[in-house]
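Visitor: predicted model and sequence below, questions to follow.
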Amino acid sequence: MNLDRAVMAFAGVMILVSAALVYFVSPWWLLFTAFIGLNLIQSAFTGFCPAAIVFRKLGFGAGCAFK
């Protein structure tokens, strides 16, 4: 698995977790979902993604999006 796929998988898992938290805990968890979405949008335009930095330090090889 390369860095790009790891970041996309992590984002997907975090969105599913936040959706479960909205359903089971509180609608205020929608703020977490919005934060994830905003981070995805800004990383698409800037190429900067904090999760990519963490995954790179964990040894994931670079893909085409996060070099």
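Guide: Nice, I can see it. Numbering: from 1, shown residues only.
Visitor: only C-alpha atoms for contact and neighbour calcs from this point on.
Guide: Noted.
Visitor: any idea which helix is longest in this structure?
Guide: In the chain, assigned by DSSP state H, the helix with the most residues is helix 3-24.
Visitor: average pLDDT for it?
Guide: Computed over helix 3-24, the mean pLDDT rounds to 94.
Visitor: in that helix, which residues are buried?
Guide: Neighbour-count burial for helix 3-24, counted by 16 or more other C-alpha atoms under 10 Å, picks out Leu3, Asp4, Ala6, Val7, Ala11, Ile15, Ser18, Ala19, Leu21, Val22.
Visitor: by contact count, what packs against that helix?
Guide: helix 30-46, helix 50-57 (3 or more C-alpha pairs under 8 Å, 6 or more residues apart in numbering; DSSP states H and E).
Visitor: excluding chain neighbours, what is closest to the residue nearest to the spatial centre of the chain?
Guide: The chain has Ala11 as the residue nearest its centroid, 3.0 Å off, counting by C-alpha atoms, centre = their mean. Nearest non-adjacent residue to Ala11, counting by C-alpha to C-alpha, 6 or more residues apart in numbering: Ile36, 7.3 Å away.
Visitor: give me the neighbour count for that neighbour.
Guide: If you count neighbours by other C-alpha atoms under 10 Å, Ile36 ends up with 16.
Visitor: wait, what's in contact with it?
Guide: Applying C-alpha atoms under 8 Å, 6 or more residues apart in numbering to Ile36 gives the contacts Ala11, Met14, Ile15.
Visitor: could you measure from it over to Arg5?
Guide: 16 Å (C-alpha to C-alpha, to the nearest Å).
Visitor: and for Ala34?
Guide: 21 Å.
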